[in-house]
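Novice: Fold the following and give me the result.
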Amino acid sequence: MKAAVLEGKRRFVIQDVPEPVPEKDEVLIKVQYCGICGSDLHVFKEGAAVGFGHEYSGDVVKLGSAVKGWKIGERVAIEPSVACGECFWCKRGDLGLCEQYYIELVQYKGAFATYAKARHYILHRLPKEMSYEEGAIIEPTTCAVHAIKVAGIQKGDVIAVLGLGPIGQLVARVARASGAGAVYASEISPQRLDMARGAVDEVIDAKTTNPVERILELTKGRGPDVVFECAGAVATTQQSVALVRKGGTIVIVAICFETVELPVSNINLRGLTIKGSMCFSPGEYAAALKLIKNRAIDVSPLLTVKMPLDKINEAFEMAARGEGGKILIKP
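Specialist: Numbering: from 1, shown residues only. Sure thing, here's the model as predicted:
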């Protein structure tokens, strides 16, 4: 079969590799689409020796000897998990904080390939109402669902989303579906600004308008109840603290590896809560699937770029430039 193999920084090579052999509790899946995640981008840029390619959908083509309840030919989406299931954090449902997470990630074999294998108990049947493309965006939607849960949004809350990459787009949509009274968002990419129009109350071009000033104006100087930092940038992290109302909550969704200087006194003097959101918890994947299936959120504006496996380097460079919505690879 064909698979994308990372050979150093920013260089995939398409190779002929052996087809995965499913263990007794696994199934073999013919991959239809696999999305490029922000974490995949970090792997790509650094040439890191960890697994990549986890947002995927496909068809069951082979069953392990102990697999029950599944048939060859079924359409599936995969709830990816490299959590051990046994540590303190896993037992609390905090799978993204698993003590073995990064150890397991090194062993992970992803789905930028013709076939991938997965344990049968992390499969979800793809409803007939949903396309394979929608199946591949369930996992990032799950991360958005988790971020909304972490925030503790109340009905009628005013929300700000800073950064409208795929995760920011999904956070904005899930926030609206969760009862937010108003959703304001900022971004610098013209294409991503257009993708958000109609999904939020106001989209702010951060290149031409100061998002802090504009959102404070929209909230009559009070600030939003919850700010989601979804850009992974120093500037937007600092804006989050300047923007949120007194007693409000900031949720850091994207990963910023740079050092950020913050006025720490603002946190206690203004009674702020700052939380991190990592991956998702049990049950949230099914909730995300239901949101898409029932059309409670519209993900179709994000599914505009689909590229074959042999164009994977071009696709990753496009994602690195912040272009497009959810970029999908079709092996």
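
Novice: what residue is smack in the middle of the protein?
Specialist: Central residue check for the chain by Cα atoms, centre = their mean: the C-alpha nearest the mean position is that of Pro140, 2.9 Å away.

Novice: And what about that one, helix, strand or coil?
Specialist: helix (DSSP: H, G, I helix; E, B strand; the rest coil).

Novice: Please shift the residue numbers so they start at 298 in all later answers.
Specialist: That works, and once the first residue is 298, the last one we named lands at Pro437.

Novice: State the pLDDT value of it.
Specialist: Looking at Pro437, its pLDDT stands at 96.

Novice: How about the contacts made by it?
Specialist: Applying Cβ atoms under 8 Å, 6 or more residues apart in numbering, we find Pro437 in contact with Gly332, Cys334, Glu352, Pro463, Ile464, Leu467, Lys623. Heads up, the C-betas are built off the backbone N, CA and C, glycines and all.

Novice: contacting residues for the spatially closest residue to the second one that is not a sequence neighbour?
Specialist: Nearest in space to Cys334, with sequence neighbours left out and distances taken as Cβ to Cβ, 6 or more residues apart in numbering, is Glu352 at 5.6 Å. When contacts are counted by Cβ under 8 Å, 6+ apart, Glu352 is found next to Cys331, Gly332, Ile333, Cys334, Pro377, Ala408, Ala433, Ile434, Ile435, Glu436, Pro437, Lys623.

Novice: Which ones among the residues you listed map onto strands?
Specialist: Cys331, Gly332 (DSSP state E).

Novice: and which of the contacts of Glu352 is nearest Val302?
Specialist: The nearest member of these to Val302, counting by Cβ to Cβ, is Ala408 at 13.3 Å.

Novice: looking at this protein, which helix or strand is least sure?
Specialist: Least confident element among the helices and strands of the chain, by mean pLDDT, DSSP states H and E: helix 398-404 (a mean of 65).

Novice: Wait, Pro547 touches Leu569, no?
Specialist: Rather than Pro, residue 547 is Ile. Yes: Ile547 lies in contact with Leu569 (Cβ atoms under 8 Å); the separation is 6.5 Å.

Novice: between those two, what contacts are shared?
Specialist: Val538, Val541.

Novice: Who has more neighbours out of the two?
Specialist: Ile547 (23 against 18; other Cβ atoms under 10 Å).

Novice: so which strand or helix has the more buried one?
Specialist: In the assignment (DSSP states H and E), Ile547 maps to strand 546-549.

Novice: Pairing partners for that strand, with directions?
Specialist: strand 523-526 (parallel), strand 570-573 (parallel) (DSSP bridges).

Novice: Now tell me what touches it from outside.
Specialist: Here strand 546-549 has contacts from 444, 447-449, 522-526, 534, 537-538, 541, 569-574, using Cβ under 8 Å, 6+ apart.

Novice: Appreciated, that's everything.
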